[in-house]
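>>> What follows is a predicted structure for the sequence shown.
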Amino acid sequence: MKAERLRTIYDRLLAQHGPQGWWPGETAFEVMVGAILTQNTAWSNVEKAINNLKAADKLSPQRITRCRMATLAKLLRPSGYFNVKAARLREFCHWYLRQGGFEALQRMPTDELRSTLLGIKGIGPETADDMLLYAFDRAVFVVDAYTRRLFSRLGVLRGGEHYETIRLSVEHAMKAEAILYNEYHALVVVHAKNVCKVKPCCDDCYLRNKCPSVD
DNA sequence: ACCCAGGGTCATA
DNA sequence: TATGACCATGGG
């Protein structure tokens, strides 16, 4: 994977969409909650669930661990998979408090923090990396379905590579530009919503709002 | 009426 | 290692 190619794609995405300033969320804890709730779910639905938590004054690890499962599930309802996510959120909050809160976690080295996050049931590689990058400000490149699709269509990936393979490959190629991982992932996601999803037709196709061969 | 969305777990071969 | 079932709402 070539650094220059990755950089070129980044530059064009930035030129087209502008700086995104992710993650949407007022606190680090809210970012982490969002990362769990957005698993295979549209962000608009996650916002509703987070608003429910705020309105019920439950958006804190203490409140969530003390909340009944049925109550929590009801608040999470708009984000889908509400029973699963209620359990995952509680599990995460127990761990968070047990570790001594954000300040204590922020002192951990990235590799250690990553493996302990992955040890929590319901937190897989993408959710962990969302948290590391956007809540803990660590230099981690987040791989999601959009990243795979875009990079595959642009020929940067062949398709079928494993999560870690892609992440380490990008991180190795763009090691000197770790500061860009934050904007890069945000741009890939935002781009995916505005782009032609029909089929790859040219090198530029998936870096434009409209596909010239389809439109 | 379908399709999919900023995934992850678990059972099975 | 690698598929497949399952979880579930809301918008296009």
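Nice, I can see it.
>>> C-alpha only now, for contacts and for neighbours.
OK.
>>> could you give me the average pLDDT of stretch A:47-64?
The average pLDDT within stretch A:47-64 is 98.
>>> what comes up buried for that stretch?
Using 16 or more other C-alpha atoms under 10 Å as the test for burial, stretch A:47-64 gives A:Glu47, A:Lys48, A:Ala49, A:Ile50, A:Asn52, A:Leu53, A:Lys58, A:Leu59, A:Pro61, A:Ile64.
>>> Which strand or helix spans the fourth one?
Here A:Ile50, judged by DSSP states H and E, is contained in helix A:43-55.
>>> Show me what that helix packs onto, helices and strands only.
If contacts are counted by 3 or more C-alpha pairs under 8 Å, 6 or more residues apart in numbering; DSSP states H and E, helix A:43-55 sits against helix A:28-37, helix A:69-76.
>>> Save these as CSV, and put in mean pLDDT, mean neighbour count and distance to A:His172 too.
CSV is the format used below for the helices and strands packed on helix A:43-55 (pLDDT from 0 to 100; neighbours: other C-alpha atoms under 10 Å; distance: least, C-alpha to C-alpha, whole Å):
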stretch, mean pLDDT, mean neighbour count, distance to A:His172
helix A:28-37, 98, 22, 25
helix A:69-76, 98, 19, 38
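>>> looking at the ones you listed, which is closest to A:Asn182?
helix A:28-37 (13.4 Å; C-alpha to C-alpha).
>>> is DNA strand C contacted by the closest one?
No - with C-alpha under 7 Å from any atom of the strand as the criterion, DNA strand C is not reached by helix A:28-37; the gap is at least 10.5 Å.
>>> How far does that helix sit from its chain's centre?
10 Å (C-alpha atoms, centre = their mean, to the nearest Å).
>>> Stretch A:138-150 now?
With C-alpha atoms, centre = their mean, you get 8 Å for stretch A:138-150.
>>> Is any residue of it near DNA strand C?
No - Stretch A:138-150 does not reach DNA strand C (C-alpha under 7 Å from any atom of the strand); its nearest approach is 14.3 Å.
>>> and that stretch, is it in reach of DNA strand B?
Yes - under the criterion of C-alpha under 7 Å from any atom of the strand, stretch A:138-150 makes contact with DNA strand B via A:Asp144, A:Ala145, A:Tyr146.
>>> Fine by me, we can end here.
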